[in-house]
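Enquirer: Predicted coordinates and the sequence they were generated for:
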Amino acid sequence: MSLSLVILSFIAAILAAGFLYQCLGTRRDRLRYTGPGRWVEIGRGQKLYVVEKGSGGPAVLFEAGIAATNLNWHHIQEKVSCFTATASYDRSGLGWSSPCRSRRTPGNISTELHTMLEMAGIKPPYILVGHSFGGLVMRRYAAIYPEDVAGVVLVDPMRCEEWPPLKPEKQSMIERCKRLSGYAIPIARFGLARLAVTSLLCRSGRLSGHLADAGGVGGRHVLKRVTEEVGKMPREVWPVVAAHWSRPGYYAGMQRHVAAVPDTVREMQHADPILDIPVVVLTPGKSTPLSNQCLKKIGNNVRQVIAVESAHWIHLDEPELVIDSIREMVTAAAPAAFPAMA
C-alpha cells in the first residue's frame, strides 16, 4: 500500500471517528439538557423550544441577543418567575429549535413568536423583555400586536444607525462573521468544535487555549471575548452553552442572523413606533445615551435608565436593575391583567 493511500485512509478514519463522536454527543446533549422546556409546533413541521417558569400574570417574555438562546436569561428568569409567569425561548436556527426558514428580521421573528405563544397557550397581556437584537424583535412585536402588550423593557437594544446600510463601512465585519460561521460548520460537523468548547467550558481549557494560539491574534481575541461573556453567566448553564456551540446548526443559524442585519436595519428604519405602551430602555453607562430623537422613534411613552456599572450585557452586569425594571412593569400592569380584581 502506498504512503499516500495510508495517509488518506488515516484521515478518513479520523473524520469518521469525529463525525460519530459529534452524532453521539448531540444525541446525549439533547437527552440531558432539554428537560426544563418543551417544543411548540409553529407550522410546516417547525418547532420552537420554550422554557416556562412561574405563575400569575402578566406573563414576562424574554428575547435574547442575535446569536444567543434562552440560556442568556437563565438567572433573570429564575428571579422574575418568583413573582409572575415567564417564558424564554430559542429562535428558529438557534439552541434547540428547528432551523430557520425565513429571513432573520424582527418582523419575521415576531410573527413566529406570536404563533408560538398562541400554540403554547401562553395568554396575553405580556411584558416584553429584549436584549440587543432581541430588543428590535420586541419593538416590532409591540408595534404589530399592541393589544397583547402591557409593557416593554429594552436592554441596550441594537442601534441600527451603527450598522449597514446606514454604516456601510461595517459591512466587512458582517462578511467576516458570515465567513467564520461558514468555516465553523464543517469543523463542528466532525467534532472539533465540541472538543474545543468542552475543553473551554467544562474542563481545564488547555486544549481550547492551544487551538486559540494556533489561530493567532484573532483566535486569542475570540477566546478572550467568549471567556469574559460566558463567565458572567451562571456556571450551571456552561455545559448547555457548550452543547449549543458544538452543533453545526448553531453556526448555520448564527450565519443566517448576521446575514440579515442589513435587512433588519432597513425594516427598523421605517418601523412604526410603539404607541401608548410604557417602554423602559436600559442603556449602559459605558455607552452614549440614546438621544431624544432615537427614543421618540421607539415610542411615545419611553423612559431611559442608565445602567452605570454596565457594558452591553446589562442583564449579566447589573441583573437586579433589569429585575427591578421588570417588576415595576408587572406591578403597573397587574390591574389590566386581572381587571376583575382592580
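Expert: That came through, no problem.

Enquirer: which parts of stretch 67-85 are buried?
Expert: Within stretch 67-85, the residues that count as buried by 16 or more other Cβ atoms under 10 Å are 67-77, 79-81, 83-85. (Glycine included, C-beta is placed from N, CA and C.)

Enquirer: What are the contacting residues of the host helix or strand of V129?
Expert: Following DSSP states H and E, the helix or strand that holds V129 is strand 126-131. When contacts are taken as Cβ atoms under 8 Å, 6 or more residues apart in numbering, the neighbours of strand 126-131 outside the stretch itself are 58-65, 68, 72-73, 76, 84, 117, 136-139, 141-142, 148-157, 313-315, 322, 326, 329-330, 333.

Enquirer: Identify the residues contacting the most centrally placed residue in the chain.
Expert: Nearest residue to the geometric centre of the chain (Cα atoms, centre = their mean): A68, 2.6 Å. With contacts defined as Cβ under 8 Å, 6+ apart, the neighbours of A68 are 94, 131, 134.

Enquirer: so when I look at A16, I'm seeing a helix, right?
Expert: Yes. With DSSP: H, G, I helix; E, B strand; the rest coil as the criterion, A16 is assigned to a helix.

Enquirer: okay, now it: neighbour count?
Expert: For A16, the count of nearby residues is 11 (other Cβ atoms under 10 Å).

Enquirer: Then V153?
Expert: Burial measure for V153: 26 neighbouring residues, criterion other Cβ under 10 Å.

Enquirer: repeat for the one 4 residues further on
Expert: The local packing count at P157 equals 26, with neighbours defined by other Cβ under 10 Å.

Enquirer: what do you get for A311?
Expert: 15.

Enquirer: Go ahead and confirm it touches K286.
Expert: Yes. When contacts are counted by Cβ atoms under 8 Å, A311 is listed as touching K286 (4.9 Å).

Enquirer: mind pulling up the phi and psi values for P125?
Expert: Listed backbone geometry of P125 is phi -80, psi 160, with angles given as degrees, to the nearest 10.

Enquirer: was I right about it contacting G57?
Expert: Yes. P125 is in contact with G57 according to Cβ under 8 Å; the separation is 7.3 Å.

Enquirer: Neighbour count for the two, which is higher?
Expert: A direct count of neighbours by other Cβ under 10 Å for P125 and G57 places G57 higher, at 20 against 17.

Enquirer: Just confirm that one is within a strand.
Expert: No. Assignment of G57 by three-state DSSP gives coil, placing it outside any strand.

Enquirer: quick revisit: please flag which of the contacts of strand 126-131 sit within strands.
Expert: For the contacts of strand 126-131, the ones inside strands are 59-63, 149-155, with DSSP state E as the criterion.

Enquirer: So which of those is the closest to P248?
Expert: Distance to P248 across those (Cβ to Cβ) is lowest for E63, with 24.1 Å.

Enquirer: So the residue lying closest to that closest one once chain neighbours are set aside versus P36, what's the distance?
Expert: With Cβ to Cβ, 6 or more residues apart in numbering as the measure, G134 is the residue that lies nearest to E63, at 3.4 Å, once sequence neighbours are left out. Applying Cβ to Cβ, to the nearest Å, one obtains 20 Å for the distance of G134 from P36.

Enquirer: Which one of the two is surrounded by more residues?
Expert: G134 (26 against 13).

Enquirer: what helices or strands is whichever strand or helix holds the more buried one leaning on?
Expert: Of the helices and strands defined by DSSP H and E, G134 is found in helix 133-144. Identification of packing neighbours for helix 133-144 by 3 or more Cβ pairs under 8 Å, 6 or more residues apart in numbering; DSSP states H and E yields strand 59-63, helix 106-120, strand 126-131, strand 149-155, helix 261-269.

Enquirer: 10 Å instead, please
Expert: If you count contacts as 3 or more Cβ pairs under 10 Å, 6 or more residues apart in numbering; DSSP states H and E, helix 133-144 packs onto strand 59-63, helix 106-120, strand 126-131, strand 149-155, helix 261-269, strand 279-284, helix 292-298.

Enquirer: Pick the most deeply packed of the ones you listed.
Expert: Among those, judged by mean count of other Cβ atoms under 10 Å, the one packed with the most neighbours on average is strand 126-131 (a mean of 29).

Enquirer: That one pairs with which strands?
Expert: Neighbouring strands of strand 126-131 in its sheet, by DSSP bridges, are strand 59-63 (parallel), strand 149-155 (parallel).

Enquirer: now the angle from the last one to helix 133-144?
Expert: Our comparison of strand 149-155 with helix 133-144, counting by axes from the mean of the first three to the mean of the last three Cα atoms, to 10 degrees, yields an angle of 160 degrees.

Enquirer: could you point out which element follows strand 149-155?
Expert: Beyond strand 149-155 on the C-terminal side, the first helix or strand identified by DSSP H and E is helix 171-189.

Enquirer: buried set for the next helix or strand after that following helix?
Expert: As assigned by DSSP H and E, the chain's next helix or strand after helix 171-189 is helix 192-202. Within helix 192-202, the residues scored as buried using 16+ other Cβ under 10 Å are 192-201.
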